[in-house]
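Participant: Pasted the sequence and its predicted model underneath.
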Amino acid sequence: MSHDVHQRDPHHSSAKAQALSLQAKPYFIVSDIDHTLLNEHGDLVEANKLALQEAIAQGDIVILATARSYIGALDIYKELGLNTPLIVNNGTVICDAEGYIIRSVAIAPPMAERVFEMFRQTPYHWAIRINDTAHLHPDFDRSNRHFQNERFYRPLDFIHLEETLGDFDDVVSISLFGDASMQQFYSQHDWEAMGLKPSYYPPSHYDSRETMSVISAEANKGKAVAWLRQAMGLDDSPTLLMGDSPDDITMFHLGIGVAPSNASGSALKASDWIGPSSNEGLVAAAMKRFVFKERQKKASKAA
């Protein structure tokens, strides 16, 4: 079920796109963040940053598509100097530069309520995201600075639980945070049969806890990219899509799919080109091969 929560024009945060009417179509460049744009330590590779900034300067459109939340992606977004919409929460949400939702895909309310009750029965700490706000278990560890932003993350005491969640409308994801014992809970349920797409994340540079989440099976990065590209009037633009995980595979059919050499086996198999690892500037290498060289060829032919 799709919800166009805020009817905002995706172009409003991309001034450059409006200057392209007299030029050839810009490249539409989409990159995952972790293990693609960033190295294995969670650092933005300088060559990747410079390549994307060069593309932006030439009028291309750069979009981040990530499993992270808006606030979790914001530092990277700002460091790159972007002002385009973001695809976050594995494609469940498209938001603008300020975090306001352009489009979201919600879990069916009866299923959201059912899953939340299942999560509440565990010893782990839950987070239930309604539109752009994640409501957190009262004892949720908020030491990670991203969780300290009270516009996007709000502790929810049990007294106000029912009042806040209401009819479970517009729930875009439900997550659990815990330790390795959570894997048993994750594996013992058939989430797909419930119409959900599950994900499990081991501890990483982003969060030291084990994390699992479920979103609507109707949501993925590929559908979000396709919707956004059409909404921005760029369906005919040459498209480059870069990522390392099964979630990123859903984007690859929309253009040239690129995976780093350290990607998952399924991403490597589905990609059109396997580049260097995320530690060695995968994004920069792909940009050079598929954007800058192609642009030079076209310029040479035109001359």
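Facilitator: Looks like it arrived, so ask away. Predicted model, so just to flag it, every value in this text is computed and none were measured. Numbers count the residues shown, from 1 in each chain.
Participant: any weak-confidence spans in the chain?
Facilitator: 1-23, 303 (pLDDT under 70).
Participant: Recalculate using a threshold of 50.
Facilitator: Scanning the chain for pLDDT under 50 picks out the ranges 1-8, 12-23.
Participant: excluding its backbone neighbours, what's nearest the residue nearest to the spatial centre of it?
Facilitator: For the chain, Thr66 is the residue whose C-alpha lies nearest the centre (C-alpha atoms, centre = their mean; 2.1 Å). Nearest-residue entry for Thr66: Ile33, 4.3 Å, with adjacent residues in sequence omitted and distances by C-beta to C-beta, 6 or more residues apart in numbering. For glycine as for every other residue, the C-beta is placed from the backbone atoms N, C-alpha and C.
Participant: Any figure for the gap between the one you found and Tyr77?
Facilitator: 9 Å (C-beta to C-beta, to the nearest Å).
Participant: Find residues that contact each of those two.
Facilitator: In terms of C-beta atoms under 8 Å, 6 or more residues apart in numbering, Ile33 and Tyr77 are both contacted by the residues Leu64.
Participant: Comparing the two, which shows the higher neighbour count?
Facilitator: Looking at Ile33 and Tyr77 with other C-beta atoms under 10 Å, you find the greater number of neighbours at Ile33, namely 22 against 19.
Participant: hang on, isn't that one packed against Ile63?
Facilitator: No: with contacts counted by C-beta atoms under 8 Å, Ile33 stays clear of Ile63, the gap being 11.3 Å.
Participant: Show me where the stretch 1-150 of the chain has its helices.
Facilitator: Assigned by DSSP state H, counting those that start in this stretch, the stretch 1-150 of the chain shows helices spanning 46-57, 70-80, 109-120.
Participant: Would you tell me which of those gets closest to Val283?
Facilitator: Val283 lies closest, by C-beta to C-beta, to one member of the helices of the stretch 1-150 of the chain: helix 46-57, at 3.9 Å.
Participant: relative to helix 70-80, how tilted is the closest one?
Facilitator: If you take axes from the mean of the first three to the mean of the last three C-alpha atoms, to 10 degrees, helix 46-57 sits at 80 degrees to helix 70-80.
Participant: Return the distance of helix 46-57 from the chain's centre.
Facilitator: 19 Å (C-alpha atoms, centre = their mean, to the nearest Å).
Participant: Who are the contact partners of Ser31?
Facilitator: Contact analysis of Ser31 by C-beta under 8 Å, 6+ apart lists Leu37, Leu52, Val62, Ile63, Leu64, Ala65, Leu241, Met242, Gly243, Val283.
Participant: As CSV, the residues you listed with distance to Leu228 and neighbour count would be great.
Facilitator: Putting the contacts of Ser31 into CSV (distance: C-beta to C-beta, whole Å; neighbours: other C-beta atoms under 10 Å) gives the following:
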residue, distance to Leu228, neighbour count
Leu37, 18, 26
Leu52, 17, 24
Val62, 12, 26
Ile63, 7, 23
Leu64, 11, 24
Ala65, 9, 30
Leu241, 12, 29
Met242, 16, 31
Gly243, 15, 32
Val283, 19, 30
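Participant: I'd like those residues written out as JSON lines, with distance to Phe152 added.
Facilitator: JSON lines is the format used below for the contacts of Ser31 (distance: C-beta to C-beta, whole Å):
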{"residue": "Leu37", "distance to Phe152": "21"}
{"residue": "Leu52", "distance to Phe152": "25"}
{"residue": "Val62", "distance to Phe152": "23"}
{"residue": "Ile63", "distance to Phe152": "20"}
{"residue": "Leu64", "distance to Phe152": "16"}
{"residue": "Ala65", "distance to Phe152": "19"}
{"residue": "Leu241", "distance to Phe152": "27"}
{"residue": "Met242", "distance to Phe152": "26"}
{"residue": "Gly243", "distance to Phe152": "24"}
{"residue": "Val283", "distance to Phe152": "26"}
